[in-house]
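Colleague: Structure of the sequence below:
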Amino acid sequence: MRTVFLLSFALLVAACTSEPMSGDSKYEMGSDEYGPIPEADPGRVVSVQDCTKPIAMDGGNLRCM
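Modeller: Below you'll find the model as predicted:
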């Protein structure tokens, strides 16, 4: 039981101390791997809101300004 706890604790510490991924990952949208980001569908409902304040769930896709 103690070994399992110590192993779990070591894995948790390792996960918390790892370096975040850099912004130039090849798996990000818009990278050469996936091509350019497509334009938004003009027929889609978009709710533009200030996302530093409470979000109004009035429908549409959320776009923070």
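
Colleague: Tell me where this protein has strands.
Modeller: Ranges of strands in the chain, per DSSP state E, are 46-49, 61-64.

Colleague: Can you measure across stretch 50-58, start residue to end residue?
Modeller: 14 Å (Cα to Cα, to the nearest Å).

Colleague: Contacts made by that stretch with the rest, please.
Modeller: By Cβ atoms under 8 Å, 6 or more residues apart in numbering, the list of residues contacting stretch 50-58 from outside reads 47, 49, 62, 64-65. To be clear about C-beta, it is placed using only N, CA and C from the backbone, and glycine gets the same treatment.

Colleague: Can you give me the distance of residue 16 to residue 45?
Modeller: Computed as Cβ to Cβ, to the nearest Å, the residue 16 to residue 45 distance reads 39 Å.

Colleague: just to revisit the earlier point, now the strands of the chain as TSV including distance to residue 36 and mean neighbour count?
Modeller: As requested, the strands of the chain are arranged in TSV below (distance: least, Cβ to Cβ, whole Å; neighbours: other Cβ atoms under 10 Å):
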stretch	distance to residue 36	mean neighbour count
strand 46-49	20	14
strand 61-64	19	11
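
Colleague: Just checking, which of the contacts of stretch 50-58 comes out lowest on pLDDT?
Modeller: In terms of pLDDT, the least confident member of the contacts of stretch 50-58 is residue 65, at 85.

Colleague: residues touching that residue, list them.
Modeller: Neighbour list for residue 65: 48-51 [criterion: Cβ under 8 Å, 6+ apart].
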